[in-house]
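>>> Show me the folded form of this:
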Amino acid sequence: MSVEDTAPPKPGRPRSEQSRSAVLRATSELLHEIGLRTMTTEQIAARSGSSKATIYKWWPNKYAVAVDAFFSEMQTDSPDPDTGSARGDFTLWLRGLCHFYSGPSGRVFAQLIGEAQFDPDVADILRDGLIRSRRAALEAVWDRGVARGDLRADVDRDIAIDLIIGPALYRLMTSRGALDDTAADAIVDAAIRGLSR
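This next block holds a predicted model:
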């Protein structure tokens, strides 16, 4: 057996990905426990077992970490379905979003949106790190629906997506109205009446 065969593996990407996952997990926990404004990079480092230098290797500040952690949670709760119909896709997607908004993570998202009103960097991070990617999933749903003939090709895609997301976001921000499956179904039904062929 050669020396190379018995040498311990060199640290590399797997360890980095482990650290990155630990940072995101710690950030999610802190966001839910103490909130965005109170949370510090030092607390993230202490809880995750990573150094501040490691955190700053991947993220410019705690807000960028928070958005990334939040996005990781959101991906779990709000998948991109392909049911074979635009109505089905939008309904499943919005049900997932309402479930997410109505839980502890909804409060975290509201904090991120609130912070974005005062800090342009947070607004940029939120838009580029989270909102664009989620809209991309809905754009795919819309494009599939148009291609299948479910949806009207003459409707502006961005406005159509706003019609579906908007009511749930309004309910989150104002605490006015339910955020459950019944609400999601009603929102999609109302929107689809004007958007379908």
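>>> what sits up against the helix or strand where residue 110 lies?
For residue 110, the host element (DSSP states H and E) is helix 104-116. Helix 104-116 is touched from outside by 31-32, 35-37, 63, 66-67, 70, 73-74, 77, 100-101, 122-123, 126, 130, 172-173, 179, with contacts defined as CB atoms under 8 Å, 6 or more residues apart in numbering. Glycine gets a C-beta too; all of them are placed from N, C-alpha and C.
>>> Filter the residues you listed down to just the ones in helices.
Cross-referencing the contacts of helix 104-116 against helices under DSSP state H gives 31-32, 63, 66-67, 70, 73-74, 77, 100-101, 122-123, 126, 172-173.
>>> Going by neighbour count, which of the residues you listed are buried?
Neighbour-count burial within the ones in helices among the contacts of helix 104-116 applies to 31, 63, 66-67, 70, 73-74, 100-101, 122-123, 126, 172; the criterion is 16 or more other CB atoms under 10 Å.
>>> Go through those and name the one nearest residue 92.
Comparing those against residue 92 with CB to CB places residue 100 closest, at 12.8 Å.
>>> wouldn't the closest one be in contact with residue 93 here?
No. Using CB atoms under 8 Å, residue 100 is not in contact with residue 93; the gap is 10.7 Å.
>>> And what about residue 155, helix, strand or coil?
At residue 155 the chain is in coil, as set by DSSP: H, G, I helix; E, B strand; the rest coil.
>>> still on that earlier bit, among the buried ones among the ones in helices among the contacts of helix 104-116, find the lowest-pLDDT one for me.
pLDDT is lowest at residue 74 among these; the value there is 70.
>>> Quick check: closest non-adjacent residue to it.
Excluding the flanking residues, the one nearest residue 74 by CB to CB, 6 or more residues apart in numbering is residue 100, at 6.0 Å.
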